[in-house]
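*Asks:* coords please:
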Amino acid sequence: MKGQNNRSSLFFFEGRPHLHHFATEQDVAEEFYELLSEARELYLQDVMTGGKRYGRYVDDFINSHRYIDCNSAVCRNCHEMNIHIIRGLLLDCTSLVKSLFTAETFSFEECMALKQKYDIAGVWFDSSRIEDSRNAPPLSFGLQFFPVNR
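*Replies:* Okay, the predicted model is just below:
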């Protein structure tokens, strides 16, 4: 759009077609890193510099990266998986993500470590939405499924 603030760097999905198909787990990891790196750049630009609300930034980022220009079901599924993981990180691990996004550097290794921590979802995350499922009681919806000894 004319009159919009031009960004100094080209972003992964900004008007460019999907260049190659996902063939390996490394391809998925590289796309995840590129997406999260773009999320970082937009966070610094839109939230830190521009004053955009964090929740609005998350919605805008996820909604603007929902689809890729590829007819391969494998590519679309891998991309959708990455987008959902990033959405979870941005919403469920806000303090951790913000601290990583404002750090001097953000490497592929740091990105993969963050994803691994999110995958195991320990209680170290700062949101009540994530719980350690190994210690969570089973869902009962307030019903008792086993007789109570009286």
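*Asks:* Ser99: neighbour count?
*Replies:* Counted with other Cβ atoms under 10 Å, residues neighbouring Ser99 total 10. The C-beta positions use only the backbone N, C-alpha and C, and glycine is treated the same way.
*Asks:* With only the CA atoms kept, save the strand or helix carrying it in PDB.
*Replies:* Take DSSP states H and E as the rule and Ser99 turns out to sit in helix 94-101. The C-alpha atoms that make up helix 94-101 are tabulated as PDB, following Å, rounded to 0.1, in the frame of the first residue of the first chain:
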ATOM      1  CA  THR A  94       4.400 -13.900  26.500                       C
ATOM      2  CA  SER A  95       7.100 -12.900  29.000                       C
ATOM      3  CA  LEU A  96       9.600 -15.500  27.600                       C
ATOM      4  CA  VAL A  97       8.900 -14.500  24.000                       C
ATOM      5  CA  LYS A  98       9.200 -10.800  24.800                       C
ATOM      6  CA  SER A  99      12.500 -11.300  26.500                       C
ATOM      7  CA  LEU A 100      13.900 -13.300  23.600                       C
ATOM      8  CA  PHE A 101      12.500 -10.800  21.000                       C
END
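*Asks:* Any buried residues in that helix, and which?
*Replies:* Residues of helix 94-101 classed as buried: 94, 96-98, 100-101 (neighbour count, 16 or more other Cβ atoms under 10 Å).
*Asks:* now do stretch 102-112
*Replies:* 106, 111.
*Asks:* Name the residues that touch that stretch?
*Replies:* 29-30, 32-33, 36-37, 40, 44, 48, 100 (Cβ atoms under 8 Å, 6 or more residues apart in numbering).
*Asks:* And stretch 75-83, by the same measure?
*Replies:* Residues outside stretch 75-83 that contact it (Cβ under 8 Å, 6+ apart): 18, 21-22, 27-28, 31-32, 35, 62, 65-68, 70.
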